[in-house]
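S.K.: structure here, sequence nowhere to be found:
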């Protein structure tokens with residue numbers, strides 16, 4: 001039988017003159033309906049950080065931000081709504097060109113550079129969903145601490161191995177990931193470089209929480225396949241997911257980090 005090509009997913013409805021990006025699995029993208037779950041899962045964290053930046057500004061703190069490994073640029077644009085200045089940094093030439101053309105705002109720029117070599121005066125460093133791609137995470141965390149300085153803040157996120165990979169596996173099938181972390185492994189890594197480590201878990205909320213319950217308790221995955229509803233159901237459900245269908249919680253609020261989708265760590269020297 002002839003090989004069946006995997007479907008190609010490319011961003012839809014981009015502004016005039018902005019080249020659309022193709023989904024490769026290395027980074028998430030807005031404007032791809034089939035990718036909307038992952039995009040909203042990432043977006044909610046950027047919106048949460050933007051709230052922290054706004055609070056920092058109200059308290060009189062400086063808010064110069066670098067978003068390392070910014071990818072398509074949507075997150076840097078969210079942060080720029082509340083920060084004095086934001087630099088989105090990514091080494092990929094297509095992502096950099098797309099970001100600089102699409103997200104144009106006062107106080108926002110995009111640099112094409114490696115996260116290991118970019119330098120600048122900043123107060124907040126964000127490094128989201130990327131440390132699992134890094135060969136030397138300890139060395140890179142030392143670099144992030146230096147960038148933020150003694151009065152700065154670093155936010156690092158990563159997926160939870162226990163909810164990303166098959167049960168008992170040490171890694172998911174994502175070919176871009178080098179190392180995926182359990183909560184205790186992630187904390188141990190971070191505490192080697194930062195004296196203040198505050199880890200939040202990201203969880204399903206609202207309709208995603210109901211959907212998860214339907215799968216775990218009612219066997220929804222089996223039902224929709226048997227009724228041949230899979231394609232029409234997820235064709236409607238996935239594009240309808242919003243950032244509000246996720247929630248961040250801390251262990252102090254009763255959250256079980258082992259059940260989190262992602263870990264979001266707030267770090268200070």
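M.R.: It's in. Every value quoted in this text rests on a predicted model; they were computed, and no experiment measured them.
S.K.: doesn't residue 114 fall inside a helix?
M.R.: No - under the criterion used here (DSSP: H, G, I helix; E, B strand; the rest coil), residue 114 is coil, not part of a helix.
S.K.: quick check: closest non-adjacent residue to it.
M.R.: Nearest residue to residue 114 in three dimensions, chain neighbours excluded: residue 91, at 5.1 Å (CB to CB, 6 or more residues apart in numbering). All C-beta atoms are positioned from the backbone trio N, CA, C, and that covers glycine.
S.K.: I'd say that neighbour and residue 113 touch.
M.R.: Yes - here residue 91 lies in contact with residue 113, judged by CB atoms under 8 Å, at a distance of 6.5 Å.
S.K.: for residue 47, which residues are in contact?
M.R.: Neighbour list for residue 47: 78, 243 [criterion: CB atoms under 8 Å, 6 or more residues apart in numbering].
S.K.: and it, that's in a helix?
M.R.: Yes - judged by three-state DSSP, residue 47 forms part of a helix.
S.K.: can you count the residues close to residue 145?
M.R.: Residues within reach of residue 145, counting by other CB atoms under 10 Å, total 19.
S.K.: quick one, grab the pLDDT at it.
M.R.: At residue 145, the pLDDT value in this model is 97.
S.K.: show me what contacts it?
M.R.: Going by CB under 8 Å, 6+ apart, residue 145 touches 154, 193-194, 267, 269.
S.K.: where do the helices sit along the stretch 101-250 of the chain?
M.R.: Secondary structure of the stretch 101-250 of the chain by DSSP state H, counting those that start in this stretch: the helices cover 137-148, 161-164, 183-191, 206-218, 220-226, 230-237.
S.K.: now for residue 91: which residues touch it?
M.R.: Shown in contact with residue 91 (CB under 8 Å, 6+ apart): 112-115.
S.K.: can you select the buried ones among those residues for me in ChimeraX?
M.R.: Only the buried entries of these go into this ChimeraX selection, using 16 or more other CB atoms under 10 Å:
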select :112,113,115
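S.K.: let me know the closest of the contacts of residue 91 to residue 220.
M.R.: residue 115 (39.5 Å; CB to CB).
S.K.: any weak-confidence spans in the chain?
M.R.: Applying pLDDT under 70 to the chain flags the ranges 1-6, 218, 226-227.
S.K.: residue closest to the middle of it?
M.R.: What sits nearest the mean C-alpha location of the chain, by CA atoms, centre = their mean, is residue 42, with 3.8 Å.
S.K.: mind listing what residue 264 touches?
M.R.: 45, 48, 155-157, 199-202, 248.
S.K.: which SSE is it in?
M.R.: Element membership for residue 264 (DSSP states H and E) is strand 262-268.
S.K.: in that strand, what counts as buried?
M.R.: Quick answer for strand 262-268 (16+ other CB under 10 Å): 262-267.
S.K.: ok, the longest strand along the chain: who's next to it in the sheet?
M.R.: In the chain, with assignment by DSSP state E, the single longest strand is strand 196-204. With DSSP bridges as the test, strand 196-204 is paired with strand 246-249 (antiparallel), strand 262-268 (antiparallel).
S.K.: count of residues packed around the residue nearest to residue 185 when sequence neighbours are not counted?
M.R.: Leaving aside its sequence neighbours, residue 185 sits nearest to residue 161 (CB to CB, 6+ apart; 7.9 Å). Close neighbours of residue 161, defined as other CB under 10 Å, add up to 22.
S.K.: next one: residue 106
M.R.: As a burial measure, residue 106 scores 6 neighbours (other CB under 10 Å).
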